[in-house]
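S.K.: Would you be able to build a 3D model of this:
(chains A, B, C and D)
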Amino acid sequence: MAEERKLGISRENHTKSSSGEQKKGVPDLRTTIAGVEFKNPVMTASGTFGSGMEYGEFVDLNRLGAVVTKGVANVPWPGNPTPRVAEVYGGMLNAIGLQNPGIDVFMERDIPFLKQYDTKIIVNVCGKSVQDYIDVVERLSEEPAVALLEINVSCPNVKEGAIAFGQKAEALYNITSELKKHAKQPIMMKLSPNVTDITEMARAAEAAGADALSLINTITGMKIDIYKRKFVLANKTGGMSGPAIKPIAVRMVYQVAQAVKLPILGMGGIATAEDAIEFLMAGASAVSVGAMNFVNPYATVEVLEGIEAYMKKYQVEKLSDLIGVVE
Amino acid sequence: MAEERKLGISRENHTKSSSGEQKKGVPDLRTTIAGVEFKNPVMTASGTFGSGMEYGEFVDLNRLGAVVTKGVANVPWPGNPTPRVAEVYGGMLNAIGLQNPGIDVFMERDIPFLKQYDTKIIVNVCGKSVQDYIDVVERLSEEPAVALLEINVSCPNVKEGAIAFGQKAEALYNITSELKKHAKQPIMMKLSPNVTDITEMARAAEAAGADALSLINTITGMKIDIYKRKFVLANKTGGMSGPAIKPIAVRMVYQVAQAVKLPILGMGGIATAEDAIEFLMAGASAVSVGAMNFVNPYATVEVLEGIEAYMKKYQVEKLSDLIGVVE
Amino acid sequence: MKRKVTSKVISQKEISPAIFDLWLETDLAAEARAGQFIGVFPKDKSTLLPRPISICKVREDGKALRIVYRIAGQGTREFSGLREGDEVQIMGPLGNGFPAEAGLGKKVFLMGGGIGIPPMVELAKEIKKQSDDNTVIQSIMGYRDADTFLSEELGKYGEVFIATEDGSVGTKGNVMTAIREKGLEAEVIFACGPMPMLRAIKSYAQEKGIPAYISLEEHMACGVGACLGCVVKTREVDHHSHVNNARICTDGPVFEAGDVEI
Amino acid sequence: MKRKVTSKVISQKEISPAIFDLWLETDLAAEARAGQFIGVFPKDKSTLLPRPISICKVREDGKALRIVYRIAGQGTREFSGLREGDEVQIMGPLGNGFPAEAGLGKKVFLMGGGIGIPPMVELAKEIKKQSDDNTVIQSIMGYRDADTFLSEELGKYGEVFIATEDGSVGTKGNVMTAIREKGLEAEVIFACGPMPMLRAIKSYAQEKGIPAYISLEEHMACGVGACLGCVVKTREVDHHSHVNNARICTDGPVFEAGDVEI
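M.R.: Next up, the predicted model:
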């Protein structure tokens, strides 16, 4: 881990470290997060891609830098009542409530499914108590095929307080340092945008030993049906995602990249390669396509091809030459 | 003031108090904020409507419930360098930096202009120090035509810390109680959405004696030109407005309405009467049209007519019957 | 296999106030069956999600699909403006569809309410195609008023009984009133419509001890089973979710009434 | 008076790669003058703000406007798809326009660079219309390459000198290179184009002691002077803002070069 952490520390160095091998003219799309090398920076946002089974019908999972799975808990969660989703201007609200089959089924079904593909596996871990998270993290330690753990401390739709870990710096520090004791894989803390100062949260995670950060999770929103005079979502509020939130996400990725040395997985409304490159230039080492998978099931691969085309057109040799270059 | 405050306390009572006079069949659009009665709930968001001169060419200012002016400071402010605005998906970013001619010119030119119209005047007050705010508030006390003061403690584009007043509950409490000592008119604190818990801010303002709240101000965002590898705005970040942010604004208005008894002026991406009614049902006593004035200079009047049409169609006698009714 | 494709508008007409009949040229039709649906994508970028609309008919050559939908919002309003030759993005075929075979050799109720009626047309067609002499199709359709869209067409596949809320045509009331009033009997039910109607059908079927295949609706996002947005509570633990939730978009929209808690 | 109206597309053609020539039927034309612009609104709701595009020509009957624009983003890409008969929302006329009268009886330079060239057409027309024998119009236009759009048309109003970056037509270089190479002289300058060109013209005019009216560009939001988004630093305190900022959309876009800090 120590070695991985060290590699993870600079967003600029680690991709360079290996890009030499690439052949001339072909852009080197590889990127590294916390010492884990990915063949390209295009990943999936947790909860929008299941464990890849559904979108495997549309895209070749082998093309992806990584599949970030739907959040998994120590036991099965039924999630929230319906309606769980609603469309909003330029995006959507969701209040799924982290429905998941639990770690046992996940280990027996989802991991073996993903192992068939030449893509990295990042597992999103959720829980209601620190112990819940520890249980899942320890089970996942048995599985070397899991490259990275994304710790979901920022789901706005679960009452039991998971979000509290993501909105109070001290709580985030505590759960991060606790999980570092139990995790074999590097851990990436997924930050909530529903905070006054995202850099304070990022610093807390870094200080506690986090290996990477992913942001942003969804922004809490609400939709009212004025004809029924009712909340559209059974949960009243839901997490907003989609192109509408992109400027907020890019701003937060930039602020965090300025504040800490940890590598960042950036996301929030990415629909096109241009969007993805905005996140890279803001300081993300990789990007996730989320809600836009629902709008365009081929979005991940189209974003990947668009980044490659941009790099060719503007003679960008390697991805690391785009990361954090905005001035 | 005490009397006005008391009236202002319940969002349900004060409109009733006077609605008796209205004739049958015609919906009573009147609403009251902090004891000030407005003939209808449609207002303008500060900074998007100047002092009404420009949009007076498009709409009859006499139709509006109130004109909320561009922020005014004790002295002229030059604002930020350009580019100051950028379009984003479903909205825009702005970093004007509160350019304004200063209170002297404002009193000599803008107030007399607005006094010609049968609409209420709400002046948005900005400053860099508590004393700056006090200076403006005291000058405005001389002017009975000014019905209400909106205190801008949440502009994300001014370095000097105005925003700090809006992001720390204690700072908000202090400036609010300080201004209450000097203000003749009721004061409405404009809250920033860039906080972890908007209700904490609302409670601080209420505890400090604020008469009303307006929300939301813009959400800090960023746009990067990936071809120039530069920030689109000279200020790097800007405040995001437009339909894209509406679900976040509606959620915050609802949360604040649940948390405090103060009347709320709701805003954030209102483009249509349906949008406005969503804010009313969430708990706002009045609404402001902001960036959408730029997209449709007739938006304010169309929103007003749409609310009236909705009330007729669904036999809503008075506006107060819509306020906070969501379940 | 599910795909997102560009389809071409063959024709569109308003067959009843705010109800549109749209034929689309698409090879997705070759794989489509009754009870399945397609996701139709608005062009305007402020409305991003696919609109789930059930398939009303599949052209014999498998090269065209027909959907009949009601204007319910900005997306469907946009669709209502589509003209011959226009292109529209669609995804499908989605969902499991009705088990038409369960109707063979039986007395069958096809029960539809309002905008739940369209899928009954393709279902009637499929059952009729494979049916033997013992198969009897009776369609019981509930409408608001005299705008009894698609009822004539359903007549081609069997007897049609109409219920209208305002009593302007057929039985005054809903589909349940109609079957009681007419004393109709069946061995299997296929239904699509509003939840109160489906609940009534579920209890009726249980009381009669016959199977009822009902098509459910729910707010959807992805439409392909990934987001878990559109779930329904299930009696048994679901094979996929391992909780008592099934995904309407993929495990459904058609369920045997006894299997779901509605 | 400024208004937002629905206009009808009379015609549109691509006159040079990614540069479109669009004629719109609108009575806003009656009030429009050279150097003013209109805000053109995209239909797609994800792109909300009006696109400021300068007026290239006003039809004699005051019932139609012509704009010539380059595809620069999603909005202008959408406009490029407009066909005869399509409707498009526009707002205008906006801005102050060029003081054509300042050119009467004088030797006039009309200097345009790239997509800054179109407004020079209407300006040339207006000056020519009121001109006497002493009025001499010389147009100096800068292009990237041989796609010298509108240069022929400008020829109807006076002599035209072309500069191209790649030297494929006329002088190799920019408009300043051209006037030096040809030894041209003027008593007043009207110009629109990229900032470096306008800066060069400003210093040239100061050096020659002649007035130069330049049209400025800036990111705009409202287009009517309310948002203070598009300001330019001014030498003197501005009458409206009471700081050293003038609003390009309303106090401009045309300024006497000496009055603004560029």
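
S.K.: so which residue of chain A comes closest to chain D?
M.R.: Chain A approaches chain D most closely through A:G90 (6.0 Å), counting by Cβ to the nearest Cβ. C-betas here are computed from N, CA, C, even on glycine.

S.K.: who are the neighbours in contact with the nearest residue to that residue once chain neighbours are set aside?
M.R.: Spatial nearest neighbour of A:G90, chain neighbours left out: A:A244 (3.4 Å); criterion: Cβ to Cβ, 6 or more residues apart in numbering or on different chains. When contacts are counted by Cβ atoms under 8 Å, 6 or more residues apart in numbering or on different chains, A:A244 touches A:88-91, A:269, B:89-91, B:243-245.

S.K.: same thing with C:G113?
M.R.: Taking Cβ under 8 Å, 6+ apart, we find C:G113 in contact with C:141-142, C:174-175, C:192-194, C:197.

S.K.: 10 Å instead?
M.R.: By Cβ atoms under 10 Å, 6 or more residues apart in numbering or on different chains, C:G113 lies in contact with C:140-144, C:163, C:174-175, C:191-198, C:200-201.

S.K.: one step back: would you say the residue nearest to A:G90 is within a strand?
M.R.: No. With DSSP: H, G, I helix; E, B strand; the rest coil as the criterion, A:A244 is helix rather than part of a strand.

S.K.: quick one: low-confidence parts of the stretch 151-262 of chain C?
M.R.: When residues are selected by pLDDT under 70, none of them lie in the stretch 151-262 of chain C.

S.K.: Could I get the full set of strands for it?
M.R.: In the stretch 151-262 of chain C, the strands defined using DSSP state E, counting those that start in this stretch lie at C:159-164, C:171-172, C:188-192, C:212-215, C:231-234, C:245-247, C:254-256, C:260-261.

S.K.: Can you lay out those as a markdown table showing mean neighbour count and distance to chain D?
M.R.: Formatted as a markdown table, these follow (neighbours: other Cβ atoms under 10 Å in any protein chain shown; distance: least, Cβ to the nearest Cβ, whole Å):
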| stretch | mean neighbour count | distance to chain D |
| --- | --- | --- |
| strand C:159-164 | 20 | 38 |
| strand C:171-172 | 17 | 43 |
| strand C:188-192 | 26 | 32 |
| strand C:212-215 | 26 | 32 |
| strand C:231-234 | 21 | 30 |
| strand C:245-247 | 25 | 29 |
| strand C:254-256 | 20 | 35 |
| strand C:260-261 | 15 | 37 |
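
S.K.: Need those strands in JSON lines (columns: distance to chain B).
M.R.: Below are the strands of the stretch 151-262 of chain C laid out as JSON lines (distance: least, Cβ to the nearest Cβ, whole Å):
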{"stretch": "strand C:159-164", "distance to chain B": "24"}
{"stretch": "strand C:171-172", "distance to chain B": "27"}
{"stretch": "strand C:188-192", "distance to chain B": "29"}
{"stretch": "strand C:212-215", "distance to chain B": "28"}
{"stretch": "strand C:231-234", "distance to chain B": "22"}
{"stretch": "strand C:245-247", "distance to chain B": "25"}
{"stretch": "strand C:254-256", "distance to chain B": "29"}
{"stretch": "strand C:260-261", "distance to chain B": "23"}
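
S.K.: possible to save those strands as JSON lines with distance to A:E178?
M.R.: JSON lines is the format used below for the strands of the stretch 151-262 of chain C (distance: least, Cβ to Cβ, whole Å):
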{"stretch": "strand C:159-164", "distance to A:E178": "62"}
{"stretch": "strand C:171-172", "distance to A:E178": "66"}
{"stretch": "strand C:188-192", "distance to A:E178": "51"}
{"stretch": "strand C:212-215", "distance to A:E178": "47"}
{"stretch": "strand C:231-234", "distance to A:E178": "32"}
{"stretch": "strand C:245-247", "distance to A:E178": "31"}
{"stretch": "strand C:254-256", "distance to A:E178": "43"}
{"stretch": "strand C:260-261", "distance to A:E178": "38"}
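
S.K.: So which of those strands is nearest A:R229?
M.R.: Nearest to A:R229 among the strands of the stretch 151-262 of chain C is strand C:231-234; the distance by Cβ to Cβ comes to 25.0 Å.

S.K.: distance of the closest residue to A:V326 other than its chain neighbours from chain C?
M.R.: With Cβ to Cβ, 6+ apart as the criterion, A:V326 has its nearest non-adjacent residue at 4.3 Å, and that residue is A:M281. Here A:M281 is placed at a distance of 23 Å from chain C (Cβ to the nearest Cβ, to the nearest Å).

S.K.: How about A:L98?
M.R.: Distance from A:L98 to chain C, by Cβ to the nearest Cβ: 9 Å.

S.K.: C:G73: how many residues sit nearby?
M.R.: Other residues within reach of C:G73, judged by other Cβ atoms under 10 Å in any protein chain shown, total 11.

S.K.: OK, contacts around it?
M.R.: A:87, C:42, C:47, C:51.

S.K.: which of those residues are close to chain D?
M.R.: Contacts with chain D are made by C:T47 out of these, judged by Cβ under 10 Å from any Cβ of the partner chain.

S.K.: Can you name the element that comes right after the strand or helix carrying A:E178?
M.R.: According to DSSP states H and E, A:E178 maps onto helix A:169-182. Following helix A:169-182 in sequence order, the next helix or strand is strand A:187-190 (DSSP H and E).

S.K.: roughly how far out does that next one sit from the chain middle?
M.R.: Centroid separation for strand A:187-190 versus its chain: 8 Å, with Cα atoms, centre = their mean, to the nearest Å.

S.K.: Now do the same contact list for A:K39.
M.R.: Neighbour list for A:K39: A:28-31, A:62-66, A:118-120, A:304 [criterion: Cβ under 10 Å, 6+ apart].

S.K.: tell me the two of the contacts of A:A244 that are most distant?
M.R.: A:G269 and B:P243 (14.2 Å).

S.K.: so A:V67, which of the three states?
M.R.: Secondary structure, three-state DSSP: A:V67 is strand.

S.K.: what pairs with it across the strands?
M.R.: Beta bridges link A:V67 to A:I121, judged by DSSP bridges.

S.K.: if I look at it, how far off is chain B?
M.R.: Distance of A:V67 to chain B, given as Cβ to the nearest Cβ: 26 Å.

S.K.: How about C:F37?
M.R.: Distance, C:F37 to chain B, using Cβ to the nearest Cβ: 27 Å.

S.K.: do the same with C:G114
M.R.: Between C:G114 and chain B the computed distance is 22 Å (Cβ to the nearest Cβ).

S.K.: same thing with C:R3?
M.R.: To chain B, C:R3 is 27 Å away according to Cβ to the nearest Cβ.

S.K.: Spatially, what comes nearest to that residue if we skip its sequence neighbours?
M.R.: Closest to C:R3 by Cβ to Cβ, 6+ apart is C:L28, at 6.6 Å.

S.K.: in chain A, which spans are helices?
M.R.: Here chain A has its helices, by DSSP state H, at A:2-9, A:13-19, A:103-105, A:111-115, A:130-141, A:164-167, A:169-182, A:198-207, A:246-259, A:273-282, A:292-295, A:299-313.
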